[in-house]
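Asker: I'll drop the sequence and a predicted model, then ask my questions.
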Amino acid sequence: MPYPLRALIKAAPALFLSGLCWYLGQNLVAVGFLLCAVGDILLDLPEKKFPKAFEIGAGSFGVALIVFAVASYYKPLAGHPLRPLVLTNIIIALFIIRWVFPNIPRSRRKLELAYFSLLIISNFFAATSNAAVFLGSSLWFMSDLSIGLSTYVPKTPTNSLDTLGLYDLGLYFLAIGFLNL
């Protein structure tokens, strides 16, 4: 499949949710989804032709995570009953990162660790919000951990279609939580 079509298909859910949020007046959340779409497009560029696309795409996702963490802060759930669930995600993340870390090329280790740190922090903030926001954040979190596994540890039981599905489902739950649908 040619790159422009593949990238558009990959970014379509985030673009749709960005437009929907913008239409409904949730501009901060719309910017977060737009950053996800930009990240989807940049991460799909061939690395040989566009050597900095991966770093810029990862940066776009990192800023999106910060935007969603801020948006979660503005949608608090009294008493934060979901916060203990973050511990499960952190333990899973630490296990996977420990397993994957030796296989990450030295040139990407800081970027990957910074990104996964942002995932953990964003998930912590999502746990202070409603269940849909936390579920969306957790699905995105698991999707990216799965991508890390499949990228750096050969022959792991991950599938790019599964991880894309987790990510897209995560985005939809974030939208439901932020839009109170």
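Answerer: Right, received. Where do you want to start?
Asker: where in this structure is pLDDT low?
Answerer: Low-confidence segments of the chain (pLDDT under 70): 77, 156-162, 181.
Asker: all helices of it, in order?
Answerer: Using DSSP state H, the helices assigned to the chain run over residues 3-23, 27-43, 53-73, 85-100, 106-126, 131-152, 160-179.
Asker: ok, the most centrally placed residue in the chain to residue 3 distance?
Answerer: Taking CA atoms, centre = their mean as the criterion, residue 140 is the residue nearest the geometric centre of the chain, at 4.5 Å. For residue 140, the distance to residue 3 (CB to CB, to the nearest Å) stands at 24 Å. C-beta: built from backbone N, CA, C; applies to glycine.
Asker: And for residue 171?
Answerer: For residue 171, the distance to residue 3 under the criterion CB to CB works out to 22 Å.
Asker: Now for the nearest residue to the residue nearest to the centre of the chain once chain neighbours are set aside, how many residues are close by?
Answerer: On the basis of CB to CB, 6 or more residues apart in numbering, the spatially nearest residue to residue 140 that is not a chain neighbour turns out to be residue 170, at 3.7 Å. In terms of burial, residue 170 registers 22 neighbours under the definition other CB atoms under 10 Å.
Asker: what do you get for the one 4 residues further on?
Answerer: Residue crowding around residue 174 was assessed by other CB under 10 Å; the count is 29.
Asker: For the spatially closest residue to it that is not a sequence neighbour, which residues are in contact?
Answerer: Once its chain neighbours are removed from consideration, residue 174 has its nearest residue in residue 136; the separation is 3.5 Å (CB to CB, 6+ apart). Applying CB atoms under 8 Å, 6 or more residues apart in numbering, one finds that residue 136 lies in contact with 126, 169-177.
Asker: neighbours around the residue nearest to residue 85 when sequence neighbours are not counted, how many?
Answerer: For residue 85, the nearest residue in space outside its immediate sequence neighbours is residue 127; the separation is 6.1 Å by CB to CB, 6+ apart. Neighbours of residue 127 under the rule other CB under 10 Å: 23.
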